[in-house]
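Chemist: Okay, predicted coordinates and the sequence, questions at the end:
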Amino acid sequence: MTQTQMGVAFALVLITGMGWYSKISDQQRQVKRYQQEVAEAADFEKRGLYQKAGENYKEALGIKKEEAIYEKMMDAYEKAYEEKEDRYKEYMEAAEMAQAAYPENPHFALAISRLYIQKNDYANAFYFLDKAKKAGSKDKTFQKEYRKMLYSFKTLYGNYNSYYPLSNGFYGVKNKEGAGYIPADGESSNSLKQEFVGPIGEKGYRLLRKDGKTILMDKNEVTQGVFSNKNPEDIGYYAEDRIPIKEEGEYSYYNALGDRLFGGFSEASRFQKGKAVVKKAKRVFFIDSEGKELELKYTVKDEKGKEKKDENGKKIEQERKFEAVQINPDYSFIAQGCILAKEDGAYHIYNENWEQISDFSADEVDGIGKDGIFAFSKKGKWGFANLKGEVVLEPKYKAAKSFSEGLAGVMEDDYWGFINLKGEMVITPQFFGVDYFNKKGVCIVETTPEVYQFIKRNIVKKEIFTEDSKDASKEEKGKEKETKPEETTEAATEAMTEAATEAPTEGTEAASEAPAEGGEAAPEAAPEAPVEGGETAAAAPPEGGEAPPAEGGAPAAE
């Protein structure tokens, strides 16, 4: 090696050494600066200078990220915010910074959530709680807050004396002001101008009294028929060119033009698949579109499910004689191919061929909702079963409603609350009566005797309603791209003009908990216990009283 080469090698070694020395020195300076920032922050905290302490902790975290320092920074900003609320922005930025670094930390998620709640932004509040939950947070306080947020609700403006359940996207309501329609989101600024209204049926047809005339109007506000009925006691669901109307204690069926076709029934359902269930002289039976009684014949099968035949090779048929047929929340009597009916003193599940499904039996039942899990009673206690006849939740409640959007109303201590699919009470019993939650997270409840209001969940997301079911949950896993909501996860409410409220368009039923501690405190006065079960078909008269049950149905003969 020449002298020149040796010089070059020496220079390279020197440069490399100086580089390493510089790097080590820089690291030492960073460590020293980090320690200094943390020490100054701690000193500021002791002096009560929380804003300055938070800023120093933030500087330290820019050098080295440690969860413990994030905790200290959050504590400092929280105290600064408690002193002066105009520091909201700085506190929020710190919380989001901490949560992004440690998404599973419950302290950070709870801090962000509470800040958003103060701005009534429940969507973003829940977003960060949900993010922490998915990251694996197991903290008990966090879990409690998560459930409280998930099932929280608000009471919407408006009081009503009676209502018709949700049908085709609208509730029919009435109060002292008048009658009208409220969309599925429970919110409307329009006045109630009609004398009475009925449920919205097929093609948006509904019966109402307007300007002194009783008319059947379609979704485009075109009058389809004029009726002679001036003050019906109950209005049914229009379907298949038939609508049941009750006057002077009896139901009659009319066509769309307003012509009376046949009647004389004490109970009457909507038409579905060419038939309706009625009650007359304490006898329950089905009729066709002309009012003629139908025979409900079914083929007898053996234990292996094969059709039984007589000695001539003909299949053996028998006839069903029902004592009652349960009407569902959507006014139907057939739901998901199943019918709940009473025969020989007990309710069973039947298919559309009138064949009994399983050996399930019950004393009383509620209608079938979209969840397919209905309420039933045995020996005075209510539980829940699926359409296979399998018991999902054992009977233990004083009264119950079927599941809808993952929630079911149940009565405890004379008040109604809501449970989830695990049987956990997630909205504390506090109501005198309840209906069913819809896809928009809305439910109509009886807040005081004979006064009905809408409640609306603060958090409305698709997976919320199914997360508690045994087999739900995984199908959506990994499919959704996680994005922070701008304002709300609730479905956008379509703006409605006054005319639109009077003549709602045909839509889909939209609709489901308050904190485990519940929302409002239960009233002090003990309410009258509602009638358990619900076989009756007819809705209550439009004039106040109890909320009309789903139209149709046929109670057991006394």
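Modeler: Received it, and whenever you're ready, just let me know what you need. Residues are numbered from 1 along each chain as shown.
Chemist: Tell me the secondary structure at residue 55.
Modeler: Secondary structure, DSSP: H, G, I helix; E, B strand; the rest coil: residue 55 is helix.
Chemist: any idea of the pLDDT on residue 4?
Modeler: Looking at residue 4, its pLDDT reads 63.
Chemist: same check, this time on residue 398
Modeler: The model's pLDDT for residue 398 equals 98.
Chemist: what about the nearest residue to it once chain neighbours are set aside, which helix or strand?
Modeler: The shortest distance from residue 398 to any non-neighbouring residue, by CB to CB, 6 or more residues apart in numbering, is to residue 411 (4.4 Å). Just so you know, the C-beta spots here come from the backbone N, C-alpha and C atoms, and that holds for glycine as well. Assigned by DSSP states H and E, residue 411 belongs to strand 408-412.
Chemist: ok, back up a step: can you count the residues close to the residue nearest to residue 398?
Modeler: 23 (other CB atoms under 10 Å).
Chemist: Bridged to it, which residues?
Modeler: residue 399, residue 416 (DSSP bridges).
Chemist: Which stretches in this structure count as helices?
Modeler: Along the chain, counting by DSSP state H, helices occupy 3-46, 50-63, 67-83, 88-101, 106-118, 122-134, 140-150, 498-502.
Chemist: where does the stretch 401-550 of the chain dip in pLDDT?
Modeler: Where the stretch 401-550 of the chain drops to pLDDT under 70, the residues are 461-550.
Chemist: What are the contacting residues of stretch 341-358?
Modeler: The contact list for stretch 341-358 (CB atoms under 8 Å, 6 or more residues apart in numbering) reads 273, 296-299, 301, 320-326, 334, 337-340, 360-365, 376, 387-390, 535, 556.
Chemist: Just the buried ones among those residues, please.
Modeler: By neighbour count, with 16 or more other CB atoms under 10 Å, the contacts of stretch 341-358 hold 296, 298, 320, 322-326, 334, 338-340, 360-365, 376, 387, 389, 535, 556 as buried.
Chemist: Now go through those and say which are in strands.
Modeler: 298, 324-325, 338-340, 360-362, 364-365, 376 (DSSP state E).
Chemist: ok, the residue nearest to residue 398 to residue 238 distance?
Modeler: According to CB to CB, to the nearest Å, residue 411 and residue 238 sit 33 Å apart.
Chemist: swap in residue 51?
Modeler: The value you get for residue 51 to residue 238, if CB to CB is used, is 65 Å.
Chemist: okay, these two: which has more neighbours?
Modeler: Neighbour count, other CB under 10 Å: between residue 51 and residue 238, residue 238 has more, with 29 against 17.
Chemist: Excluding covalently adjacent residues, which one is nearest to the more buried one?
Modeler: The shortest distance from residue 238 to any non-neighbouring residue, by CB to CB, 6+ apart, is to residue 201 (3.1 Å).
Chemist: Strands along the stretch 351-500 of the chain, start to end?
Modeler: 356-362, 364-365, 373-378, 381-386, 391-397, 399-400, 408-412, 415-419, 425-431, 433-434, 442-448, 451-457 (DSSP state E, counting those that start in this stretch).
Chemist: quick revisit: output the ones in strands among the buried ones among the contacts of stretch 341-358 as JSON lines; include the columns pLDDT.
Modeler: Formatted as JSON lines, these follow (pLDDT from 0 to 100):
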{"residue": "298", "pLDDT": "86"}
{"residue": "324", "pLDDT": "98"}
{"residue": "325", "pLDDT": "98"}
{"residue": "338", "pLDDT": "98"}
{"residue": "339", "pLDDT": "98"}
{"residue": "340", "pLDDT": "99"}
{"residue": "360", "pLDDT": "98"}
{"residue": "361", "pLDDT": "98"}
{"residue": "362", "pLDDT": "98"}
{"residue": "364", "pLDDT": "98"}
{"residue": "365", "pLDDT": "99"}
{"residue": "376", "pLDDT": "99"}
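Chemist: Pull the most distant pair out of these.
Modeler: 298 and 364 (23.6 Å; CB to CB).
Chemist: quick one, what contacts residue 454?
Modeler: Counting by CB under 8 Å, 6+ apart, residue 454 makes contact with 155-156, 158, 182, 186-187, 442-445.
Chemist: Go through the residues you listed and name the one nearest residue 436.
Modeler: Proximity of the contacts of residue 454 to residue 436 was ranked by CB to CB; the top entry is residue 443 with 6.4 Å.
Chemist: Quick check: closest non-adjacent residue to that closest one.
Modeler: In space, and not counting its chain neighbours, residue 443 is closest to residue 437: 4.4 Å by CB to CB, 6+ apart.
Chemist: my read: that neighbour touches residue 405, true?
Modeler: Yes - at 4.5 Å, residue 437 counts as touching residue 405 under the criterion of CB atoms under 8 Å.
Chemist: more neighbours, those two?
Modeler: For the pair residue 437 and residue 405, the greater number of neighbours falls to residue 437 (32 against 26), based on other CB under 10 Å.
Chemist: So the residue nearest to residue 238 sits against residue 241, correct?
Modeler: No - using CB under 8 Å, residue 201 makes no contact with residue 241, being 10.4 Å away.
Chemist: Could you check which of those two is surrounded by more residues?
Modeler: Remark: of residue 201 and residue 241, residue 201 carries more neighbours, 25 against 16, as counted by other CB under 10 Å.
Chemist: where's the more buried one relative to residue 430, distance?
Modeler: From residue 201 over to residue 430 (counting by CB to CB), the distance is 33 Å.
Chemist: repeat for residue 268
Modeler: Residue 268 is 35 Å from residue 430, by CB to CB.
Chemist: more crowded one of the two?
Modeler: Shown here are residue 268 and residue 430; by other CB under 10 Å, residue 268 has more neighbours (31 against 18).
Chemist: For the more buried one, give me the pLDDT.
Modeler: pLDDT, residue 268: 98.
Chemist: Tell me who's in contact with residue 92.
Modeler: 112, 115.
Chemist: Ok, residue 142 next?
Modeler: Contact analysis of residue 142 by CB under 8 Å, 6+ apart lists 106, 109-110, 129, 132-133.
Chemist: same thing with residue 105?
Modeler: Residues near residue 105 by CB under 8 Å, 6+ apart: 67, 70-71, 98-99, 132, 137.
Chemist: what's the distance between it and residue 76?
Modeler: 16 Å.
Chemist: what's the answer for residue 183, then?
Modeler: Relative to residue 76, residue 183 is positioned 47 Å away (CB to CB).
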